[in-house]
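1. Got a predicted structure plus its sequence, pasted below:
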Amino acid sequence: GDSVTQTEGQVALSEEDFLTIHCNYSASGYPTLFWYVQYPGEGPQLLFRASRDKEKGSSRGFEATYDKGTTSFHLRKASVQESDSAVYYCALSDQFGANTGKLTFGHGTILRVHP
Amino acid sequence: DPKIIQKPKYLVAVTGSEKILICEQYLGHNAMYWYRQSAKKPLEFMFSYSYQKLMDNQTASSRFQPQSSKKNHLDLQITALKPDDSATYFCASSQSNSAETLYFGSGTRLTVL
């Protein structure tokens, strides 16, 4: 079955540090890839998505590039702020999920940014 | 104002009892979903509905029954509750049932004693 692996369980940074959260996936066909962010007490909300190889998704200074060759969709941000502290989820929707709305999520990465 | 309302926010139940988790969305969406987030596990897809019809069911147990009385409602009935059912249950919606943006509610945290 489909799977999403996020390497980092927790990341602690200082403001203005560079952020990378690694995401690798395994899926049949050509999945759509997503990054979601979850703040305390809220549900996940979409950060951005990408549907084809080499497509870059971006929002609020975060970005990730769909790489079919390495089956990756790593999240990066050049300069993090304290307000970026949250849980970040990588997710995918495979060809079947494209008809049912099913997303497969990674375990999530807790990001803590210190002032 | 929250566009997806889940009630209650917290729920405590005893083993063997039955509970209903409420979800209403005011986004005008045609598809609704339930996801579960258990401790140490990723968000897990449970059900999807489109125009009040079941599209996909990934829940092995028949103890979990979605109920859609209106297009913007998708409640979740859970019977014969077990401690392993303890989790946060998220309702979500999207314009259609394709792989597009899902909007999540803030969840119902269920604890089964």
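-> Nice, I can see it. As the structure is a computational prediction, the values presented were derived from the model and not from experiment.

2. Only C-alpha atoms from now on, for both contacts and neighbour counts.
-> Fine.

3. Let me know how buried the closest residue to residue A:8 other than its chain neighbours is, in neighbour terms.
-> Nearest residue to residue A:8 in three dimensions, chain neighbours excluded: residue A:109, at 5.9 Å (Cα to Cα, 6 or more residues apart in numbering or on different chains). Residue A:109 has 21 neighbours, counted by other Cα atoms under 10 Å in any protein chain shown.

4. do residue B:78 as well
-> For residue B:78, the neighbour count with other Cα under 10 Å is 20.

5. residues in chain A within reach of chain B, list them.
-> Contact residues, chain A versus chain B (Cα under 8 Å from any Cα of the partner chain): A:32, A:41-46, A:93, A:97-108.

6. residue contacts, residue A:91?
-> By Cα atoms under 8 Å, 6 or more residues apart in numbering or on different chains, the contact set of residue A:91 is A:4, A:33-36, A:103-106.

7. scratch that, residue B:80
-> B:15-18, B:63.

8. Return the per-residue confidence for the residue nearest to residue A:8.
-> For residue A:109, the pLDDT comes out at 97.

9. Over to the one 4 residues further on?
-> Looking at residue A:113, its pLDDT reads 97.

10. same question, residue A:99
-> Value for residue A:99, per-residue pLDDT: 69.

11. Buried ones among the contacts of residue B:80?
-> Buried members of these, counted by 16 or more other Cα atoms under 10 Å in any protein chain shown: residue B:15.

12. Considering only the contacts of residue B:80, which also neighbour chain A?
-> Among the contacts of residue B:80, no residue lies close to chain A (Cα under 8 Å from any Cα).

13. which element is residue 47 on?
-> All of this refers to chain A. strand A:45-50 (DSSP states H and E).

14. ah, no, chain B please
-> strand B:44-50.

15. Check which helices and strands that strand is in contact with.
-> Strand B:44-50 sits against strand A:104-105, strand B:31-37, strand B:53-57, with contacts defined as 3 or more Cα pairs under 8 Å, 6 or more residues apart in numbering or on different chains; DSSP states H and E.

16. Lovely, talk soon.
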